[in-house]
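Novice: Quick check, what structure comes out for this input:
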Amino acid sequence: MATSERLKTIDSQINKLQSRKKKLEEKRKNQITTILNRCGATKMSDEVLAGAVLEAVRAFNQNDRRISTWQAEGSKILKPGRGKKRFI
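Specialist: Reported below is the predicted structural model:
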């Protein structure tokens, strides 16, 4: 295969991967929005929500013991019917 053909192939693969990355990022944004809506977090002020997220990130990065509790509670929201509480 000629060098120019190989470069075109690589460019094509890069474009496909960039497109896939963009789609996955959009999907993740939609998932986060859904989570915020299900939790009722969209009713919070931006400052409170940002502070809560920062606290969660700090706890996660420090392997805080609260993470397992939060994970269990989150599962109840994301998988209704598996937990005792149902949201939406």
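Novice: Quick check: which helices or strands does the longest helix along the chain pack against?
Specialist: With DSSP state H applied, the helix covering the greatest number of residues in the chain is identified as helix 3-39. Helix 3-39 sits against helix 66-78, with contacts defined as 3 or more Cβ pairs under 8 Å, 6 or more residues apart in numbering; DSSP states H and E. Using the backbone N, CA and C atoms, a C-beta is placed for each residue, glycine as well.
Novice: ok, back up a step: following the chain past the longest helix of the chain, name the next helix or strand.
Specialist: Sequence order places helix 46-61 as the next helix or strand after helix 3-39, per DSSP states H and E.
Novice: Domain ranges for this structure, per the record?
Specialist: With automatic domain parsing serving as the domain definition, the record reports that the chain contains domains spanning 1-42, 44-88.
Novice: In a markdown table, list the ones you listed along with mean pLDDT and mean neighbour count.
Specialist: Below are these laid out as a markdown table (pLDDT from 0 to 100; neighbours: other Cβ atoms under 10 Å):
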| stretch | mean pLDDT | mean neighbour count |
| --- | --- | --- |
| domain 1-42 | 94 | 11 |
| domain 44-88 | 85 | 11 |
